[in-house]
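# I need the structure of the sequence given here:
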Amino acid sequence: MKDDQNSSGAHKTALVALPLTFSDIVAQIEAEKLQRAALRPANKAAIFAALAGAGVVSVAVTFDGYGDSGQIESIDARDAASAALVLPDHTIENVAIIWAQKAPGPQPMTWTEAIEHLVYDALSETHGGWENNEGAYGEFVFDVPAQEIRLDYNERVTSTDFYSHTF
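The predicted model follows:
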C-alpha cells in the first residue's frame, strides 16, 4: 500500500498492484477450474431435472472451432420416440462464475443457455484451447435417464513431413 498526502493535507491510501508472476496466473487458473468442477454437479442436476420433467431423453450438442474462434453449432433435444423437441424458454437457476465477481453467484439462464454454459465449462476443463489454430469439433450427448454427459472430441492436427536428400 502507498500512503500519499493530497493538497488538503489529508492522507489517502492507494493499493499498489504487485506484478503478477506466471505461477500466480497458473494458480488462479487452477483455482477457477476447481471452482467450476465443484459447481458442475448441482448445475448438471438442475438441467437434468428440467429435461426429464419435459420428457427429454437425449440432447446432442455439436460444437466446432478453429482459427481462434469456436461456437456451439446446434442443440438437438429428443423424446423417447426420437422425435425432435423444442427446448422451452423457461429459466433454470445455475450457479456461475461471472467475470469480475469475487464469488460464484446464482444466475437464471434459459435451458439453452444453461446447457451451453455447462458445455463450454466442460470444454475449457478438458480441452482448453479447443478453438485455436486448426481447432476441434465434436458432440456432447446428454443421456437424461442415465444422467450422464458423453463428450466425443475430434482435434484437428496439421502435420509436416520433411525430407532432405543429397546425391
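# C-terminal to whichever strand or helix holds residue 112, what's the next element?
If you go by DSSP states H and E, residue 112 is part of helix 111-127. As assigned by DSSP H and E, the chain's next helix or strand after helix 111-127 is strand 136-143.
# May I have the strands that pair with that next one, each with its orientation?
strand 58-66 (antiparallel), strand 148-155 (antiparallel) (DSSP bridges).
# Buried residues, the first one. List them.
Same thing as strand 58-66. 58, 59, 61, 62, 63, 64, 65 (16 or more other CB atoms under 10 Å). Placement of C-beta: from N, CA and C, glycine included.
# Let me know the closest of those residues to residue 159.
Ranked by distance to residue 159 (CB to CB), these are led by residue 65 at 19.5 Å.
# check contacts around the closest one.
With contact taken as CB atoms under 8 Å, 6 or more residues apart in numbering, residue 65 is in contact with 71, 130, 131, 132, 135, 136, 137.
# so how far is residue 45 from it?
Relative to residue 45, residue 65 is positioned 28 Å away (CB to CB, to the nearest Å).
# Would you indicate which residues of the longest helix anywhere in the chain are buried?
As assigned by DSSP state H, the longest helix anywhere in the chain is helix 22-53. Within helix 22-53, the residues that count as buried by 16+ other CB under 10 Å are 36, 39, 43, 44, 46, 47, 48, 50, 51.
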